[in-house]
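> sharing a model prediction with you, sequence too.
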Amino acid sequence: MTRQEEKKIEGKEPAPSLLSAIDSPQDLKRLSLRELERLAAEIRRTIIETVACTGGHLAPNLGVVELTLALHYAFDSPNDRIIWDVGHQCYTHKLVTGRRDRFRTLRQYGGISGFPKREESRHDAFGAGHASTSISAALGMSAAKHLKGCSSRIVAVIGDGSLTGGMAFEALNHAGDLGKDLIVVLNDNEMSISPNVGAFSSLLSRKLSSRTVMSLKKELESTLRAIPGVGNNILQILKKSEDSFLAFFTPGMLFQALRFHYIGPIKGHRLDRLIETFETAKNIRGPVLIHVGTVKGKGYEPAECDPASFHGVGCFDVRTGKSSGPKEAPPSYTSVFGRCLVELAEKDPRIVAITAAMPQGTGLVRFSELYPTRFFDVGIAEQHAVTFAAGLAAEGYRPVVAVYSTFLQRAYDQIVHDVCLQNLPVVFAMDRGGLVGEDGPTHHGVFDLSYLRHIPNMTVMAPKDENELRHMLKTALHHKGPVAVRYPRGRGQGVPLDEPPRALPVGRGELLREGDDAVLVAIGHPVAAACRAAELLEEEGLRVAVINARFVKPLDKDLILDWVERTGLLVTIEENALQGGFGSAVLECLADEGRLPRRAVRIGIPDAFVQHGKRDILRKDVGLDAESIARTVRTALTRPHGAPIRAIG
Ligand SMILES: Cc1ncc(C[n+]2csc(CCOP(=O)(O)OP(=O)(O)O)c2C)c(N)n1
Ligand SMILES: CC(=O)[C@@H](O)[C@H](O)COP(=O)(O)O
Ligand SMILES: [Mg+2]
């Protein structure tokens, strides 16, 4: 790294590597405070250099280097359990728990995950990826520890953004009631992905300077002393419970009310203060909350200046912080969605947009700037987002919930109970539908077609490209009931965009190619691979028809039936779980009509979690690339009747 690059990274002159001697957290315990500080600087450099090549969650990890070292210095992992919320900030944890030499494989196919995984290390006490789960898991472990009578300490590390998730409050409520030993470390950097939102976040940010508190105390003391008789007694009581007095004026009052012992806020980059605080907390019985103030992106100037953009990054140039990924590319599905929603909202004042703490990721920033009163960021609170949308719909608005497919899983009952049962016109704009790549199994949006299509009143569609996404958004906002539009992460197909977007006939697919040997019925992004497979097969003299189904529900039954009967071989293709997915829907429909084809094969995600890695590798693994589809069709055509046909990945 050049001197120039060194300047970008706060920290000391490069010295002999301390990290190379850290094979487990035990090795930390023999370091002096000065050495720990040097180690922190070295780890910071390592994270920056690695993430610059692999991509990943840079700013969150730079903010917890000292916090992580102090935790592993003060506690005794894996005997003591450290549970990370979301887990996107676990890179330092991984570096000091035996994965230093594999760290360069971060998020790569076959490499280490970007999140904690129990099967990856004994030090990864609990897997993560979705927010707000750590306190529940930690409390469960604490209850188990008490049942087993073992002395392990249980520590949950949760960010201020993740603390806006409802289940975090459910866990705090339960922990205060159970009274079991539990340490919750609140990593408060005042950021979610974007600046944190919500009343609770502003409570947390209430920073009373020590001078303010001192003058408050003095004033209160002189007032109480002036009260004849009782004044002094009250003063004595307050002096005895000084903590409660302080807690009343600091964020701690809420945690104290939940029967947590509150410590903080403390400076999250001071190793000495952190270690001292953790050592103290180890000896406090019952639930403890330690409020730590950190800087997201700490120690790398571009990330400190713009933590939202450096929350999750692709490859970048360390010297400039600028992306080094492909420059010219078709617009992303997300940006096409965001622009289209702005266009439609211009003409329809009933349209409102809702995000759960992900305005950037879902493409709603422009909408929020143009229509601030019609934009709602509810924080990491997907369940609330859905029922909040239902409330808006009940009052005649057209809410669009823009959400990643995987995170919408959290609001399944709200979709059933509050939206579909009441047949309210809520639009679910489901981004990251299908495989997402390096975030891996916690983030692949591969269950939504299954978990939505069986709900009465729900309409489910998926566009073959970004142009059709615009038509589907228009269709959804014209529809009178609940509707989900699901589209993939990343760049579109680079097709021209029709102006203006037009409503599609609901339940109608489109025939893209004719053919007599087989019919490929595809939904969403994989339509392109199906067409490519048909071209490959045509080179061998095989003519297969291709249908862009457009709708998972309602299916275009007539179109599919017609071509199944013409060809005799049905191949369904989806980037969704095969279990209960699109292919199942087609077979159910044909069975109900008493017209199951002589031969059928479903191509999609098998009954297993798909690991992390580049999407083209993952698609090949599951047989969703054009060559694999062609191979599956070729095999199905040559296989004797009655023999089982399986997709070939
Ligand atoms: C249920 C759920 N919703 C949304 C996300 C996307 N997400 C990942 S990290 C993050 C922000 C977390 O903020 P915080 O907990 O404060 O951690 P920080 O990044 O600030 O360290 C969000 C919204 C998620 N992982 N899980
Ligand atoms: C950790 C987390 O859940 C988010 O940061 C997520 O990784 C964002 O995914 P995208 O990179 O697809 O926006
Ligand atoms: Mg935060």
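Here it is on my side, so go on. Ligands and ions are numbered 1, 2, ... in the order given.
> which residue does the stretch 201-350 of the chain bring closest to ligand 1?
Lys296 (5.3 Å; Cβ to the nearest ligand atom). To be clear about C-beta, it is placed using only N, CA and C from the backbone, and glycine gets the same treatment.
> pLDDT score for that residue?
Looking at Lys296, its pLDDT is 98.
> repeat that for Thr638.
Predicted confidence (pLDDT) for Thr638: 86.
> what's the local residue count around it?
8 (other Cβ atoms under 10 Å).
> what's the distance between it and ligand 3?
56 Å (Cβ to the ion, to the nearest Å).
> so who does the residue lying closest to Arg350 once chain neighbours are set aside touch?
Residue nearest to Arg350 in three dimensions, not counting chain neighbours: Arg398, with 4.5 Å by Cβ to Cβ, 6 or more residues apart in numbering. For Arg398, the contacting residues are 348, 350-352, 425, 427, 477, by Cβ atoms under 8 Å, 6 or more residues apart in numbering.
> again, 7 Å this time
Arg398 sits next to 348, 350-351, 425, 427, 477 when contact means Cβ atoms under 7 Å, 6 or more residues apart in numbering.
> longest strand in this protein, by number of residues?
When the chain is parsed with DSSP state E, its longest strand is strand 569-577.
> quick revisit: just checking, the residue of the stretch 201-350 of the chain closest to ligand 1 touches Asp188?
No - using Cβ atoms under 7 Å as the test, Lys296 is too far from Asp188 to be in contact (10.0 Å).
> neighbour-wise, which of the two wins?
Lys296 (28 against 23).
> what's the distance between that one and Leu36?
21 Å (Cβ to Cβ, to the nearest Å).
> over to Ile523?
Taken as Cβ to Cβ, the span from Ile523 to Leu36 is 53 Å.
> these two: who's more crowded?
The neighbour comparison of Ile523 against Leu36 (other Cβ under 10 Å) goes to Ile523, with 33 against 20.
> quick check, pLDDT for that one.
So, for Ile523, pLDDT stands at 98.
> residues in the stretch 451-600 of the chain within reach of ligand 2, list them.
Within the stretch 451-600 of the chain, the positions adjacent to ligand 2 are Arg489 by Cβ under 6 Å from any ligand atom.
> by neighbour count, which of the contacts of Arg398 wins?
Neighbour counts for those (other Cβ under 10 Å) peak at Val427, which has 27 neighbours.
> that residue and Lys480 touch, don't they?
No - if you go by Cβ under 7 Å, Val427 and Lys480 don't touch, sitting 11.6 Å apart.
> up against ligand 3, what does the stretch 151-300 of the chain have?
159-161, 189, 191 (Cβ under 5 Å from the ion).
> the residue nearest to Gly264 when sequence neighbours are not counted: neighbour count?
Take Gly264 and drop its neighbours on the chain: the residue closest to it by Cβ to Cβ, 6+ apart is His291, 2.9 Å away. Counted with other Cβ under 10 Å, residues neighbouring His291 total 22.
> now do the contacts for His291.
186, 188, 251, 262-265.
> in strands only, show me those residues.
186, 188, 262-265.
> a markdown table please, covering these and showing pLDDT.
Output for the ones in strands among the contacts of His291, formatted as a markdown table (pLDDT from 0 to 100):
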| residue | pLDDT |
| --- | --- |
| Leu186 | 98 |
| Asp188 | 97 |
| Tyr262 | 95 |
| Ile263 | 96 |
| Gly264 | 91 |
| Pro265 | 92 |
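> tell me the bridge partners for the residue nearest to Arg350.
Following DSSP bridges, Arg398 is listed with bridge partners Ile351.
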